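1. Quick one: sequence and predicted model below, then my questions.
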Number of protein chains: 4
Amino acid sequence: MSRAPDTWILTADCPSVLGTVDAVTRYLFEQGCYVTEHHSFDDRLSSRFFIRVEFRQPDGFDEASFRAGLAERGESFGMIFELTPPNYRPKVVIMVSKADHCLNDLLYRQRINQLSMDVVAVISNHPDLEPLARWHDIPYYHFPLDPNDKPAQEARVMKVIEDTGAELVVLARYMQVLSPELCRKLDGKAINIHHSLLPGFKGAKPYHQAYNKGVKLVGATAHYINNDLDEGPIIAQGVEAVDHSHYPEDLIAKGRDIEGLTLARAVGYHIERRVFLNANRTVVL
Amino acid sequence: MSRAPDTWILTADCPSVLGTVDAVTRYLFEQGCYVTEHHSFDDRLSSRFFIRVEFRQPDGFDEASFRAGLAERGESFGMIFELTPPNYRPKVVIMVSKADHCLNDLLYRQRINQLSMDVVAVISNHPDLEPLARWHDIPYYHFPLDPNDKPAQEARVMKVIEDTGAELVVLARYMQVLSPELCRKLDGKAINIHHSLLPGFKGAKPYHQAYNKGVKLVGATAHYINNDLDEGPIIAQGVEAVDHSHYPEDLIAKGRDIEGLTLARAVGYHIERRVFLNANRTVVL
Amino acid sequence: MSRAPDTWILTADCPSVLGTVDAVTRYLFEQGCYVTEHHSFDDRLSSRFFIRVEFRQPDGFDEASFRAGLAERGESFGMIFELTPPNYRPKVVIMVSKADHCLNDLLYRQRINQLSMDVVAVISNHPDLEPLARWHDIPYYHFPLDPNDKPAQEARVMKVIEDTGAELVVLARYMQVLSPELCRKLDGKAINIHHSLLPGFKGAKPYHQAYNKGVKLVGATAHYINNDLDEGPIIAQGVEAVDHSHYPEDLIAKGRDIEGLTLARAVGYHIERRVFLNANRTVVL
Amino acid sequence: MSRAPDTWILTADCPSVLGTVDAVTRYLFEQGCYVTEHHSFDDRLSSRFFIRVEFRQPDGFDEASFRAGLAERGESFGMIFELTPPNYRPKVVIMVSKADHCLNDLLYRQRINQLSMDVVAVISNHPDLEPLARWHDIPYYHFPLDPNDKPAQEARVMKVIEDTGAELVVLARYMQVLSPELCRKLDGKAINIHHSLLPGFKGAKPYHQAYNKGVKLVGATAHYINNDLDEGPIIAQGVEAVDHSHYPEDLIAKGRDIEGLTLARAVGYHIERRVFLNANRTVVL
């Protein structure tokens, strides 16, 4: 999975029916668009169709009229399109608490352009990671949590998300449970990293749980949040072998690499428009 | 982890206390035994010591007197010793139902001597796998399950285990729940392969559960059985990546390789005396 | 990667040019074929297009007229098509010497239908593996090698391949160098498993070479044969971690699992029409 | 592999002979040292013995007299000892060119104390990475390379290493060939990361070489340098799967994670005194 820098991305999904692929590919051909990679999948259990195409535009390509024609063509199929220009960089808000391994990793990947995104804000309930954000010239918002007034803090969070126009929120080890209301607002727009192979070891202190069970593998799960913080659709999972000599603190240390890699992978898939929601599962093309 | 063919294996464990390592290594030296590999681990949470040594015997080595001296030396430490001669091949009973991928794999590894064991019987509640066992010249016992008289069937199973003198029972996809009584008899002497990354997806149809959760990794867990069939101490776990295009039947197919490899690994560790029980966890040296 | 049992597979490749995707997908739509999975890739370095589509046929589907129409449509693109019916089982000849781990693995996967193929012959320069082939009811040809008359032996091999109508030859640890002439005849039609991560450790005794270099990973490479036996286009590679305690014979034992899995994976890709030749590389869709 | 923070590490190696293990363990016992982990290995091909012990000191432990007694005990065996106190942090010099992924990773791990080391200097032939070093409060030395006077530059490098008292030099993608003279001085004291699975793809542009061969796996090798920059004893190797859609620049991007992880692993092994040289191979206990 790799993406050429000069290509548009077209993604769509709709109910399964004859002609979905043709509707998209014929339109692209008629518009003179050169397809470089095409992947579609028709889920026979959920009867839903998913397509992702990368293409190069022809001379004189007009985005507005392309979109209009596409909408018309897909209407009878109930297709929901998304069109992403070359070099598009989504705005991203990252939320953290005190642990910085995921933040450090994401900012590094942004800096070397391995993740083509603009991190527009880092929000935390603690002040600790401000220097790291500042070094990357990213505004840092310290919104402490008043246990008696969580709604007020979440309102400040939501205001930053809205003011910056961020399309994605990344919970990079933000160790707080979001309210159902905030979860609903961020449904499908926020990626969380959970430090276990969900659905095993949900909840608090998963590495301690893992130690107590004597597992020989630990892992991490990146998923969209929905109503239930640890139950949203899974995007990516990573794993590493451990043994009896790993005490809980060793599992935590071991887990850092997996968490960082797994979260970065999921964010990359999202940014490259590879992830589709399919009820409580994802399709990654 | 590999073992030389001409070495004895000495294993022991006892409560943590000063002098445990020296008690073993000094005795070996005094007896003229040449140590080729030595691994010990002192668990600071359970305060228990574990040691595994491979050694070559001196000329004129007398096993009986060696054992007697060792027992004396370890007595004050409460050490439980196990001494395994070169080329020792434990007797093993394998239990199966209808799926033969694990059985096929285990018998193959026995045949090429990658697993140094003697499979003395294959027991099944179905007749299907008899030809495979017969081709390897291994007696096959078809003990159908009468739902109204499970104790009778288990008594027949237990009789074969006892008559053959098997020291290890391998549940190679034996799709039946053992009675608590049989579990107790086989405590620490039977290895089961469960087709999920325990403790996730316990119980029936784990691959269907995994599909419904949309996981991106499936795996298998080899563990000793104890009272709770899916909760015994874990010996080995294996994992493989999957994606949205894997329907439940594809996960099952994908799982076969992992199940076979993970079970073979666990059986190998057991045979090479690498596995120690440490409450509900294992130490694998 | 998984395939539904009721689908046709259509594959094609041709030089890169506008309209390749549309040529295929429009035709499928016009013929009423329901596309369940579609993957295409346009290689911008070699300027070549590759497509693989799985589809379900409509009522009254006529294969002959479908093929004819397709040929017409693809002609101006220089497309080379391949159309594979549901439940098609290619005929396969397996060549071995004395080691049976790959043969055992392939025959097992055929038996449980994980590899949908018909092994029509096993050919060897040694008699050792005849019982294994016989047990699977597969004819075994023992063609010993006379060092002074290799062409005669290869002629016998080629005759079996032709007489059985095999479309694929699998060199499952056939420890002989094929003559350039035979290589040429089998170009793109024969898969070999080499027991190293090619291009490292080409030639004889790769595990001994690996030991001498003190590598921490060993692997295997499945590739099509071409003029140079160890240099053909790579289809799949597998790897496993090793350490200082693995002597050459341990690396060999460790390698067996990787060789079997990697070869089975490559054969599966070939059978499911996922592999395209792209000069000295492969595209696997 | 994990290390308790309050333990000493004792390592030693010598020719294989009866009594090596006992010489060490008996002395530890007599001194009242509590062994928490012990691993020894006797290489039957090179006839050399290696041992690594972690232990807790008794009350009133005197390092000087402990060392003196140990030296006496090991003398007849020709043992070379190394004794490392709890919380010892070796001084490390890191050398880089322009790519910063390995440097970023190492400094991050130092900062969170996952690697217990003190990076005392970063040396580069380019000025680019100074801000990153400065942010971690580490002196940065920009020593440009005059192609006509390489010895002068290397003398400056060597002076920093000597002045800082660094015991380890890490070549974290330092894209220059060291002179044989410098290699000799750093023999066994410098770890290099090579961006391929050595011995495959030695030399320049390994990812382009890998692309041209169409490999399905890319990897990285961390090794001690010796006379030949790409041929020193291997400490660790990492690997990741790739496919046809990865162009050379994608392989390079993919490689960054593996390079960083593999180098960090090797540096960690070195710091924890796990690595022993065994001719041109390593033993990692």
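-> Yes, it's here. Numbers count the residues shown, from 1 in each chain, chains lettered A, B, ... in the order given.
2. How are the strands of chain A distributed by residue range?
-> A:8-15, A:34-43, A:48-56, A:80-84, A:91-96, A:118-124, A:140-142, A:168-171, A:190-194, A:217-224, A:234-241, A:275-278, A:281-284 (DSSP state E).
3. could the ones you listed go into CSV alongside mean pLDDT?
-> Listed next are these as CSV, based on pLDDT from 0 to 100:
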stretch, mean pLDDT
strand A:8-15, 97
strand A:34-43, 95
strand A:48-56, 97
strand A:80-84, 95
strand A:91-96, 98
strand A:118-124, 98
strand A:140-142, 98
strand A:168-171, 98
strand A:190-194, 96
strand A:217-224, 95
strand A:234-241, 95
strand A:275-278, 96
strand A:281-284, 96
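4. okay but residue A:128 is in contact with residue A:99, surely?
-> No. Contact criterion Cβ atoms under 8 Å: residue A:128 and residue A:99 do not qualify, at 9.1 Å. Where you see a C-beta, it was placed from the backbone N, CA and C, and this is true even at glycine.
5. neighbour count winner among these two?
-> residue A:99 (20 against 13; other Cβ atoms under 10 Å in any protein chain shown).
6. Can you read off the pLDDT for that one?
-> On pLDDT, residue A:99 comes in at 95.
7. same check, this time on residue A:147
-> pLDDT, residue A:147: 85.
8. Number of residues surrounding it?
-> 6.
9. Can you name the residues in contact with stretch A:94-105?
-> A:106, A:119, A:121-126, A:128-129, A:132-133, A:157, A:169-176, A:193, A:256, A:259-261, A:263-264, D:104, D:108, D:112 (Cβ atoms under 8 Å, 6 or more residues apart in numbering or on different chains).
10. no wait, stretch A:65-82
-> A:9-15, A:17, A:19-20, A:23-24, A:27, A:31, A:83, A:273.
11. For the stretch 101-250 of chain A, list the residues in contact with chain B, please.
-> Listed as neighbours of chain B in the stretch 101-250 of chain A under the rule Cβ under 8 Å from any Cβ of the partner chain: A:197-201, A:212-217, A:219, A:233-237, A:239, A:243-245, A:247.
12. returning to that earlier point: quickly name whichever of the contacts of stretch A:65-82 is closest to chain D.
-> Of all the contacts of stretch A:65-82, residue A:9 has the smallest distance to chain D: 14.4 Å, by Cβ to the nearest Cβ.
13. Not counting its neighbours along the chain, what's nearest that closest one?
-> Leaving aside its sequence neighbours, residue A:9 sits nearest to residue A:84 (Cβ to Cβ, 6 or more residues apart in numbering or on different chains; 4.2 Å).
14. Just give the number of residues close to residue A:265.
-> Neighbours around residue A:265, by other Cβ under 10 Å: 19.
15. Ok, residue A:97 next?
-> 18.
16. Then residue A:112?
-> For residue A:112, using other Cβ under 10 Å, the count is 13.
17. Let me see the confidence value for the closest residue to residue A:23 other than its chain neighbours.
-> Among residues not flanking residue A:23 along the chain, residue A:73 sits closest, at 5.6 Å (Cβ to Cβ, 6+ apart). Listed pLDDT for residue A:73 reads 93.
18. What count of nearby residues applies to residue A:73?
-> 16.
19. Tell me how chain A divides into domains.
-> A:8-84, A:91-284 (automatic domain parsing).
20. which of those sits most buried?
-> Most buried of the domains of chain A by mean neighbour count (mean count of other Cβ atoms under 10 Å in any protein chain shown) is domain A:91-284; its value is a mean of 19.
21. chain center to that domain: distance?
-> Chain-centre distance of domain A:91-284: 9 Å, with Cα atoms, centre = their mean, to the nearest Å.
22. tell me which parts of chain A are close to chain C?
-> So chain A meets chain C at A:4, A:18-22, A:25-26, A:28-29, A:32, A:34-42, A:44, A:51 (Cβ under 8 Å from any Cβ).
23. Now do the contacts for residue A:61.
-> Applying Cβ under 8 Å, 6+ apart, the residues near residue A:61 are A:31-33.
24. Likewise for residue A:24?
-> Neighbours of residue A:24 in contact, by Cβ under 8 Å, 6+ apart: A:10, A:12, A:51, A:53, A:73-74, A:79.
25. for these, which one is nearest chain B?
-> residue A:51 (13.3 Å).
26. residues contacting that closest one?
-> With Cβ under 8 Å, 6+ apart, residue A:51 has these contacts: A:10-13, A:20-21, A:24, A:38-41, A:285, C:38.
27. can you tell me which helix in chain A is longest?
-> helix A:248-271 (DSSP state H).
28. what angle separates that one from helix D:248-271?
-> Going by axes from the mean of the first three to the mean of the last three Cα atoms, to 10 degrees, helix A:248-271 is angled at 170 degrees with respect to helix D:248-271.
29. can you tell if helix A:248-271 touches chain D?
-> Yes. Legend: contact between helix A:248-271 and chain D by Cβ under 8 Å from any Cβ is shown at A:250, A:253, A:256-257, A:261.
30. What sits closest to residue A:88 if chain neighbours are left out?
-> Residue A:88 sits nearest to residue A:116 (Cβ to Cβ, 6+ apart), 7.6 Å away.
31. can you pull the contacts of the one you found?
-> Counting by Cβ under 8 Å, 6+ apart, residue A:116 has contacts A:87-89, A:271.
32. Would you mind checking the residues you listed for buried ones?
-> Using 16 or more other Cβ atoms under 10 Å in any protein chain shown as the burial test, those include residue A:271 as buried.
33. what sits against the residue nearest to residue A:9?
-> A:8-11, A:273 are the contacts of residue A:84 under Cβ under 8 Å, 6+ apart.
34. same deal with residue A:156?
-> With Cβ under 8 Å, 6+ apart, residue A:156 has these contacts: A:141, A:143.
35. at 7 Å what do you get?
-> Neighbouring residues of residue A:156 by Cβ atoms under 7 Å, 6 or more residues apart in numbering or on different chains: residue A:143.
36. what do you get for the one 10 residues further on?
-> Under the criterion of Cβ under 7 Å, 6+ apart, the neighbours of residue A:166 are A:91-93, A:120.
37. re the thing from before, show me which pair in the contacts of stretch A:65-82 is furthest apart.
-> Greatest spacing in the contacts of stretch A:65-82, by Cβ to Cβ: A:15 and A:31 (24.5 Å).
38. How about the stretch 151-285 of chain A: which residue is closest to chain D?
-> residue A:250 (3.8 Å).
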